[in-house]
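S.K.: Provided below for reference: sequence and predicted model.
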Amino acid sequence: MANYGRIHSLESFGTVDGPGIRFVVFMQGCPLRCQYCHNPDTWDVNKGKEYTPQELMNEIIKYKPYIDYSKGGVTFTGGEPLLQADFLLEVSKLCKEKGISVAIDTSGFIFNEKVKELLEYTDLVLLDIKNYDPLVYKIVTGVSLSPTLKFLDYLKEKNIATWVRYVVVPNLTDNLDAVKKLSDHLDGYPNVEKIELLAFHKMGEYKWKELGLEYKLTDTKEPSKELMKQIAEILSANGKTVTSNK
Ligand code: SF4
């Protein structure tokens, strides 16, 4: 039986999801319901367009010169790409045959034998940790934090390069005590090469409206530079490199 993936969209010149120029694949389907999600149109596993691994590879390969020149690669994001680990495993094997680096942007919520196999072909994981306080995590995402932390343990065990991503949302993820605890927790993970702070924005709000969903953050402002700096300082206190997009 052919192995199909359901894909929301493709971006051929991504520059914010891993090093160099990235061919970014937005996978369809996500079990989380993050309040600040700017891609709620990726949630439904039945939407998107079907591709075989080879069909997707045919798209990726067109951009190999740019990927090579910039030391970039392919990034699978979404949605939650690990929902379709079978498909990603096949595509990642094809990428490896062509010497193309593979990154996966994930919440770390899905973990099974297929995911473990996929990680053998993964050069970099962009792990979104949406909060370190389990109660706040549940409020932000609708699911529990513990699978993500177990996933991080596995990445450490396998020594897979990891960049942790943290979205700063005023009055939601700016609980500084939990940020400090996250900083201390990550100190025990030498595979975490970098922490990326991302400022909350409302560019996806219109999609919630189009889908008839209630957007809870209408009145929330973007974080100030001062708040971003304050959180960056806490996260870098143990010596980790922290970058911020604001
Ligand atoms: S994990 Fe990503 S795609 Fe899924 S709801 Fe959260 S922000 Fe949206």
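M.R.: Perfect, thanks for sending it.

S.K.: Pick out the residue nearest the middle of the protein.
M.R.: Nearest to the geometric centre of the chain sits D105, at 2.9 Å (C-alpha atoms, centre = their mean).

S.K.: what's across from that residue in the sheet?
M.R.: Listed beta-bridge partners, D105: L126 (assigned using DSSP bridges).

S.K.: distance of it from L83?
M.R.: From D105 across to L83, the span is 13 Å (C-beta to C-beta, to the nearest Å). In short, each C-beta sits where N, CA and C put it, glycine included.

S.K.: How about E113?
M.R.: 15 Å.

S.K.: of these two, who's got more company?
M.R.: L83 (22 against 8; other C-beta atoms under 10 Å).

S.K.: can you pull the pLDDT of that one?
M.R.: Note for L83: predicted pLDDT of 97.

S.K.: cool, the one 10 residues further on as well?
M.R.: At K93, the pLDDT value in this model is 98.

S.K.: and it, how far is that from the ligand?
M.R.: From K93 over to the ligand the distance is 25 Å, taken as C-beta to the nearest ligand atom, to the nearest Å.

S.K.: go on, K150?
M.R.: 17 Å.

S.K.: Now do the phi/psi pair for that residue.
M.R.: Dihedral angles phi and psi of K150 (degrees, to the nearest 10) take the values phi -70, psi -40.

S.K.: burial measure for it, as a count.
M.R.: 12.

S.K.: With M203 instead?
M.R.: 7.

S.K.: pretty sure it is touching H38, no?
M.R.: Yes: under the criterion of C-beta atoms under 8 Å, M203 makes contact with H38 at 5.6 Å.

S.K.: Identify the contacts common to these two.
M.R.: Shared contacts of M203 and H38 (C-beta atoms under 8 Å, 6 or more residues apart in numbering): none.

S.K.: quick revisit: these two touch, right, the residue nearest to the centre of the chain and D128?
M.R.: Yes: proximity of D105 to D128 meets the contact threshold set by C-beta under 8 Å, at 7.0 Å.
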